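*Asks:* need a structure here:
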Amino acid sequence: MSEPGPDSIPTSADPRSQRPTKRRAITPHGEQATQIDNLFRDPNKDIRLPSGSGSLTRTSSHLPAPPEIVANVQGSSAGAGSGEFHVYKASRRREYERLRVMQEEVDREKGESEWARNMEETRRKDEEKTEKNRKRREKRNKAKAGKKKGGSGDSGKGEEDGMDFMKDMRDATNGSGGAEAEPSVETPGVIIHED
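*Replies:* This is a model prediction of the structure:
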């Protein structure tokens, strides 16, 4: 038996060898590590990311145009040989794909127009509600400003109407009809102050 020496080292592991190392089976982890190492070799290089799935954004313009002249029109079995069946299947598949893409475009356009219409309707309703609330706020602020000034304006009229309503209610419960002022029986929890 010979003693281990430089001749017993495999050529691929020998640092003096110019041959590339053997490729081994790559695990997913090792493959990702290799890709990351390749990215970090040149940090200034632009990274090209693959686009999303092309089938989702296909339009009829991406498909080849249907032939204008079809020389031999045949069906799946009408006088066609066994070799023609595959030609027929391929042309039928292309035509169905073209029709499917066109229908998807129509459906997408219809959905977009419906969505835009719904958004416009929602925006219009929101604006109407906002305008209504703005008018209510202005009216309330106007009434508050009228109270602060000393009762002039709409707020004084509202208070008088409220007093008249309370007086009418009291007269109706007493049964007097407002003809004479009888002493009223106070209902517990309700306090009526008369000036």
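
*Asks:* quick one, phi/psi of Lys45?
*Replies:* With angles defined as degrees, to the nearest 10, Lys45 sits at phi -70, psi 140.

*Asks:* state the mean pLDDT of the helix ranked longest in the chain.
*Replies:* If you go by DSSP state H, the chain has its longest helix at helix 84-149. Across helix 84-149, pLDDT averages out at 91.

*Asks:* elements contacting that helix?
*Replies:* helix 154-174 (3 or more C-beta pairs under 8 Å, 6 or more residues apart in numbering; DSSP states H and E). Bear in mind the C-beta positions are built from the backbone N, C-alpha and C, glycine included.

*Asks:* first vs last residue of stretch 71-90, how far apart are they?
*Replies:* Start-to-end span of stretch 71-90 (C-alpha to C-alpha, to the nearest Å) is 16 Å.

*Asks:* for the remainder of this discussion, apply numbering that starts at 134.
*Replies:* Sure thing, new numbering starts at 134, so read that last one as stretch 204-223.

*Asks:* residues contacting Ile180?
*Replies:* Leu172 (C-beta atoms under 8 Å, 6 or more residues apart in numbering).

*Asks:* next, it: secondary structure please.
*Replies:* When classified by DSSP: H, G, I helix; E, B strand; the rest coil, Ile180 comes out as coil.

*Asks:* and if you look at Pro183?
*Replies:* coil.

*Asks:* for it, give me the backbone phi and psi.
*Replies:* According to degrees, to the nearest 10, Pro183 has phi -70, psi 140.

*Asks:* since we're on it, how many residues are nearby?
*Replies:* 6 (other C-beta atoms under 10 Å).

*Asks:* just the pLDDT for it.
*Replies:* 77.

*Asks:* can you count the residues close to the closest residue to Met235 other than its chain neighbours?
*Replies:* Spatially, and ignoring its direct neighbours in sequence, Met235 is nearest to Ser193 (5.2 Å; C-beta to C-beta, 6 or more residues apart in numbering). If you count neighbours by other C-beta under 10 Å, Ser193 ends up with 15.

*Asks:* need phi/psi at Ser193.
*Replies:* phi -70, psi -20.

*Asks:* same thing with the one 3 residues further on?
*Replies:* Dihedral angles of Leu196 (phi, psi; degrees, to the nearest 10) stand at phi -90, psi 150.

*Asks:* my read: it touches Met235, true?
*Replies:* No - with contact defined as C-beta atoms under 8 Å, Leu196 does not count as touching Met235 (9.1 Å).

*Asks:* please report how far the residue nearest to Met235 lies from Lys265.
*Replies:* As judged by C-beta to C-beta, to the nearest Å, Ser193 and Lys265 stand 47 Å apart.

*Asks:* also Phe173?
*Replies:* Phe173 is 61 Å from Lys265, by C-beta to C-beta.

*Asks:* got it, and Asp179?
*Replies:* 55 Å.

*Asks:* name the SS class of Ser150, please.
*Replies:* Ser150 is classified as coil under three-state DSSP.
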